[in-house]
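Colleague: dropping a prediction and its sequence here:
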Amino acid sequence: MGTCRAGSWHPPGATAMCLDGTYSYSAHFQGTCSRHHGVEYWYR
């Protein structure tokens, strides 16, 4: 499901970091990082 890290550094506009290290800019929780093995960290 991912850990919340809202206070940690992340690129402007990023809402999550995926398990493969890519950032997601998804406006919705559902499906975020679905093609990147899931969410590691949430930023909101």
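Modeller: Yep, it's here.

Colleague: name the nearest residue to residue 4, sequence neighbours excluded.
Modeller: residue 42 (4.9 Å; C-beta to C-beta, 6 or more residues apart in numbering). All C-beta atoms are positioned from the backbone trio N, CA, C, and that covers glycine.

Colleague: burial count for that neighbour?
Modeller: 18 (other C-beta atoms under 10 Å).

Colleague: quick check: it vs residue 32, distance?
Modeller: 8 Å (C-beta to C-beta, to the nearest Å).

Colleague: so what's in contact with the two at the same time?
Modeller: Counting by C-beta atoms under 8 Å, 6 or more residues apart in numbering, the residues touching both residue 42 and residue 32 are 15, 16.

Colleague: got the phi/psi numbers for the residue nearest to residue 4?
Modeller: As for residue 42, its main-chain torsions (degrees, to the nearest 10) stand at phi -100, psi 140.

Colleague: hmm, residue 2 and it touching each other?
Modeller: Yes - between residue 42 and residue 2 there is a contact under C-beta atoms under 8 Å: 5.0 Å.

Colleague: which neighbours do those two have in common?
Modeller: By C-beta under 8 Å, 6+ apart, the residues touching both residue 42 and residue 2 are residue 16.
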